[in-house]
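Student: sequence? don't have it. structure:
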């Protein structure tokens, strides 16, 4: 019995100090983004009453999230991802606080908002590249499936804040929601500064760099190698193309549906939220209780096994 106990592998806990910090920080920032993001869409439609300007607003936020990751991945290999994450969160807190102050005075300009959304979209895209490459470093051995399941559930649950933001927007306006988002980013940034994980990949990256090669040339070489690898892996390329077209289709439907519901129905934003909520539930059935069932697998007989 003692020998069996000694041979049994030790259970490594998932909720380490660093993993808890990054998870709670991401939850706080996701909740803030969920509140302010949809409220900004309502603000654009209320002020402009133009589906075209609303589509431009969506495009200014989405475009950098398509372009920036192409370059940010190679750049972030040379910098601390932890420092990048909390620096961008501090920056986002300041930007949202400034926007809350401006809009609280009743001043609105669509061109300024479009530039502001492009800046926020760029920050978000760089943040996600840094976060998704740093997150696995904080997961203990053997707990990757649990960690990513938790992240997926939390991302889905953050959508609950969107109906709340709709109600609050109609009651108190956009400025308090942006101020709350600024506070969420500030809280997350302060927490993320306490992560202690070591980042040894920076030294590894520097050791592989060619002597005498300029930084710009190295960056372009890394980007080219990334595209070459993606092109050589046909399965990965197919997945990337699928998600690209899926994102474009989802963005197109969002541009059409929200203006339609808001202009067709009284309190149409709430009708849209109901439809959108059903879509979220339908796309993520594994996050909700399911009815158990069994499938009787067919028994195959007379299978001939060929050995090479």
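Tutor: Alright, I've got the coordinates. Just so it is clear, the model here is predicted, and its values are computed rather than measured.
Student: now stretch 105-114: mean pLDDT?
Tutor: For stretch 105-114, the mean per-residue pLDDT is 89.
Student: next, the residue lying closest to residue 55 once chain neighbours are set aside: phi, psi?
Tutor: Excluding the flanking residues, the one nearest residue 55 by C-beta to C-beta, 6 or more residues apart in numbering is residue 255, at 4.6 Å. Every C-beta, even on glycine, is put in place using the N, C-alpha and C of the backbone. Main-chain dihedrals, residue 255, degrees, to the nearest 10: phi -60, psi -30.
Student: what's near enough to touch residue 255?
Tutor: Residues in contact with residue 255, defined by C-beta atoms under 8 Å, 6 or more residues apart in numbering, are 51, 54, 55, 58.
Student: could you do residue 151 as well?
Tutor: Neighbouring residues of residue 151 by C-beta under 8 Å, 6+ apart: 23, 26, 135.
Student: lowest-confidence one in those residues?
Tutor: pLDDT across the contacts of residue 151 is at its lowest for residue 26, which sits at 88.
Student: that older thread, quick check: the residue nearest to residue 55 vs residue 182, distance?
Tutor: As judged by C-beta to C-beta, to the nearest Å, residue 255 and residue 182 stand 27 Å apart.
Student: picking that back up, any chance of the contacts of residue 151 in CSV, plus secondary structure and distance to residue 152?
Tutor: Shown next, in CSV, are the contacts of residue 151 (DSSP: H, G, I helix; E, B strand; the rest coil; distance: C-beta to C-beta, whole Å):
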residue, secondary structure, distance to residue 152
23, helix, 12
26, helix, 12
135, helix, 12
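Student: ok, back up a step: looking at the contacts of residue 255, which is nearest residue 17?
Tutor: Nearest to residue 17 among these: residue 58, at 38.6 Å, using C-beta to C-beta.
Student: hmm, residue 251 and the closest one touching each other?
Tutor: Yes: Residue 58 is in contact with residue 251 according to C-beta atoms under 8 Å; the separation is 6.2 Å.
Student: these two: who's more crowded?
Tutor: residue 58 (19 against 15; other C-beta atoms under 10 Å).
Student: isn't residue 82 up against residue 133?
Tutor: No: look at residue 82 against residue 133 with C-beta under 8 Å: they stay out of range, at 10.8 Å.
Student: of these two, who's got more company?
Tutor: residue 82 (22 against 15).
Student: what's the helix or strand that contains that one packed up against?
Tutor: Taking DSSP states H and E as the criterion, residue 82 maps to helix 81-104. Applying 3 or more C-beta pairs under 8 Å, 6 or more residues apart in numbering; DSSP states H and E, we find helix 81-104 packed against helix 17-48, helix 110-134, helix 174-192.
Student: list the buried residues of it.
Tutor: 81-82, 84-93, 95-97, 99-100, 102-103 (16 or more other C-beta atoms under 10 Å).
Student: how far out from the middle of the chain is that helix?
Tutor: The chain centre lies 16 Å from the centre of helix 81-104; the measure is C-alpha atoms, centre = their mean, to the nearest Å.
Student: give me the angle between it and helix 17-48.
Tutor: Put simply, helix 81-104 runs at 30 degrees to helix 17-48, going by axes from the mean of the first three to the mean of the last three C-alpha atoms, to 10 degrees.
Student: rewinding a little: mind putting the helices and strands packed on helix 81-104 into a markdown table with distance to residue 276?
Tutor: Shown next, in a markdown table, are these (distance: least, C-beta to C-beta, whole Å):
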| stretch | distance to residue 276 |
| --- | --- |
| helix 17-48 | 9 |
| helix 110-134 | 20 |
| helix 174-192 | 18 |
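Student: check the burial of residue 75 by counting its neighbours.
Tutor: Counted with other C-beta under 10 Å, residues neighbouring residue 75 total 17.
Student: one more: the one 4 residues further on?
Tutor: Other residues near residue 79 number 14, with proximity taken as other C-beta under 10 Å.
Student: show me where pLDDT drops low in the stretch 151-300 of the chain?
Tutor: 201-215, 280-300 (pLDDT under 70).
Student: swap in 90 and give it another go.
Tutor: Applying pLDDT under 90 to the stretch 151-300 of the chain flags residues 151-166, 197-258, 262-263, 265-300.
Student: which parts of it are helices?
Tutor: Under the criterion DSSP state H, counting those that start in this stretch, the stretch 151-300 of the chain contains helices at 161-172, 174-192, 201-208, 215-232, 234-264, 268-283.
Student: of all these, which one comes closest to residue 17?
Tutor: With C-beta to C-beta as the criterion, residue 17 lies closest to helix 174-192 of the helices of the stretch 151-300 of the chain, at 11.0 Å.
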